[in-house]
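Asker: make a model of this:
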Amino acid sequence: MDADDFTAVLSEVRRFVRDRVVPLEEEIDEKDEMPADIREAAKKMGLFGFALPEEYGGLGLSMYEEAQLMFELGYTTPSLRSMFGTNNGIAGHVLMVGGTEEQKADWLPRIASGEVLASFALTEPEAGSDPSTLTTRARRDGDDWVINGAKRYITNAPLADVFMVFARTDPDAPRTRGISTFLVPAGTPGLTVAPKDHKMGQFGAWTADVYFDDVRVPAEALVGGEEQGLNRGFGTAMGCIAHGRVHISALMVGMAERLVDESVAYASTRRQSGKLIGSFQLVQGLIADAQTDYYAGRATVLEAARAFDAGTDTKIGPSCTKYFASEMVCRVADRAVQVHGGAGYMRGVAVERFYRDARLFRIYEGTSQIQQVIIAKALLGEAARG
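Answerer: Modelled structure (predicted):
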C-alpha cells in the first residue's frame, strides 16, 4: 500500500479504536457480545479483509504493515480483533495459500467484505498442540465427501457462515500427510454448533465445539482440488498458523502498550500516605519493567514481520515472537494489576479485564511450550531427536 494511504488507514483505525471501542469495553465484557454497529463499522473500514489481496477486495497489507495495524487494534478488547481476525488470518489464508482460482474468486471477496464470516476448524478434543493427530475423517462417496468428527474451541463458530474443516482423508498415510481441508458452509445437514463456551476472559469473542455427523459436501469443496489439495491440508494449516503467530503477537504488543498507559495514568493520580504512588521507587520499577517489555516486544514483532515478508524466516521467527510476546504481555498485565493494588482486582477496572484476556495468549496459536519445542528443534536439527 502507498505509504500515505497506509498512514491514513492507521490514523482512522486508531480513532475508531480509542473513540468508539474503548468506551464500550466494559459493556462488551459484561454482555459477552460485540455491538452490531461496531461490526458494521469494521466492515466499512475494510477490517475484515486487510490481509487479503486487493484483487479479491482486501487491502493487501504486507506482514510488516499488518503488524502495525495490529498494534492499534490491540489497544482495546481482543474481541474486536477476533471478530475479523480469522477472515484475515488462519481461515482466509487457507484459501489464499491452498485454494483453487475458482474457490478464491467465489469466497475471498465475500470474506474480505465481511459478508461471510469464516472459521478455522482444526483443533479437536484430543488434538490441540499437535493437530497432526486429529481424528475427524472424510471419506469419498461417489462425487461427494462425507465428514465425521468433532472440533473444539473454534473461534466464531456460533456466527460462522463457512468452516475450513481439516479432516483425515488417508488414514494409512503418515500423520502429517493424510489430511485435507474442506469448505463446509454453515447449515449443511449434519453440521452442529454447540452452545458458545463460557471462558475466563476475551468476552465478546465466541468459541464453541462443532460436530460433523455424516456431513456431505461436493468434491469441489476440497480446498485446492484433488490435484493440489488432497492430503496436503496439514502443510497449509502450518503455513497459515505461522502467519497467525506474527499477527497475534502484534496484538499482544498493542495490549501491552495499553497496560503501560493505564499503569502510568493510575500512578500519576493515585495517592497513598499523602504522596502520588508514582513517586515510590518500587512502583517506578514495575512501570519501567513493563515499558521495557513492551519496547522489546514491539521490536521483536517488527523484525519477525520483516523477515516473514522477505521469506527469510517463516518458522523460527514467528515462534520466537509468539513465545516472547505472549509471556511478555502476561508479565505486563500482572504488573499493571500490582500497580493498581486492590483496585486492580476489581471488575470494571481495565487492567483486571486485560489480565484475564491476556492469559489465553500463552495457549492459543500454539502454547509457549510448543513454541519452545519448535524453536529448539529448528536450531538443533537431528540433535533434538536424540
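
Asker: report the longest helix in this structure, please.
Answerer: Ordering each helix of the chain by length in residues (DSSP state H) puts helix 233-267 first.

Asker: helices or strands up against that helix?
Answerer: helix 63-73, helix 78-88, helix 90-98, strand 162-168, strand 179-185, helix 281-310, helix 316-340, helix 350-359 (3 or more Cβ pairs under 8 Å, 6 or more residues apart in numbering; DSSP states H and E). From N, CA and C alone the C-beta is placed, and that goes for glycine too.

Asker: hey, where'd the strands end up in the stretch 1-150 of the chain?
Answerer: 118-121, 137-141, 144-155 (DSSP state E, counting those that start in this stretch).

Asker: deepest in the core, which of those strands is it.
Answerer: Mean neighbours per residue, mean count of other Cβ atoms under 10 Å, is largest over the strands of the stretch 1-150 of the chain for strand 118-121, with a mean of 29.

Asker: can you list the strands that that strand pairs with?
Answerer: Under the criterion DSSP bridges, strand 118-121 sits next to strand 162-168 (parallel) in its sheet.

Asker: for Val116, list the residues it contacts.
Answerer: Residues counted as contacts of Val116 (Cβ atoms under 8 Å, 6 or more residues apart in numbering) are Asn87, Trp107, Arg110, Asp161, Val162.

Asker: could you report the distance from Leu276 to Met70?
Answerer: Leu276 is 33 Å from Met70, where distance means Cβ to Cβ, to the nearest Å.

Asker: cool, Glu102 as well?
Answerer: Plainly put, Glu102 is 31 Å away from Met70 if you go by Cβ to Cβ.

Asker: give me the more crowded residue out of the two.
Answerer: Met70 (28 against 10; other Cβ atoms under 10 Å).

Asker: what's the pLDDT at that one?
Answerer: Note on Met70: pLDDT of 98.

Asker: wait, Asp289 sits on Asp334?
Answerer: No. Asp289 is beyond contact range of Asp334, at 10.3 Å (criterion: Cβ atoms under 8 Å).

Asker: which one of those two has more residues nearby?
Answerer: Remark: of Asp289 and Asp334, Asp334 carries more neighbours, 18 against 13, as counted by other Cβ under 10 Å.

Asker: next up, the contacts around the closest residue to the more buried one other than its chain neighbours.
Answerer: Once flanking residues are discounted, Asp334 sits nearest to Tyr355: 7.0 Å by Cβ to Cβ, 6 or more residues apart in numbering. The neighbours of Tyr355, taking Cβ under 8 Å, 6+ apart as the test, are Gly201, Ala333, Asp334, Ala336, Val337, Gly344.

Asker: now the residues you listed as JSON lines including distance to Glu220 and pLDDT?
Answerer: Compiled in JSON lines, the contacts of Tyr355 are given as follows (distance: Cβ to Cβ, whole Å; pLDDT from 0 to 100):
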{"residue": "Gly201", "distance to Glu220": "39", "pLDDT": "97"}
{"residue": "Ala333", "distance to Glu220": "46", "pLDDT": "98"}
{"residue": "Asp334", "distance to Glu220": "50", "pLDDT": "98"}
{"residue": "Ala336", "distance to Glu220": "50", "pLDDT": "98"}
{"residue": "Val337", "distance to Glu220": "51", "pLDDT": "98"}
{"residue": "Gly344", "distance to Glu220": "53", "pLDDT": "98"}
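
Asker: which strand residues bridge Asp144?
Answerer: Judged by DSSP bridges, the bridge partners of Asp144 are Asp141, Pro218.

Asker: begin at 277 from here
Answerer: Sure, I'll start numbering at 277, so the last one becomes Asp420.

Asker: so it is in contact with Glu496, correct?
Answerer: No. Counting by Cβ under 8 Å, Asp420 does not reach Glu496; the two are 10.0 Å apart.

Asker: nearest the geometric middle of this protein, what residue?
Answerer: Ile524 (5.1 Å; Cα atoms, centre = their mean).

Asker: so what's that one up against?
Answerer: Counting by Cβ under 8 Å, 6+ apart, Ile524 makes contact with Met346, Gly361, Lys598, Ala601, Phe637, Tyr640, Glu641.

Asker: kindly report the same for Gly509.
Answerer: By Cβ under 8 Å, 6+ apart, the residues touching Gly509 are Gly374, Phe442, Ala443, Thr445, Ile455, Ser456, Thr457, Val499.

Asker: look up phi and psi at the most far-flung residue of the chain relative to its centre.
Answerer: Residue farthest from the centre of the chain, counting by Cα atoms, centre = their mean, is Gly550 at 44.2 Å. Phi and psi for Gly550, reported as degrees, to the nearest 10, are phi 80, psi 0.
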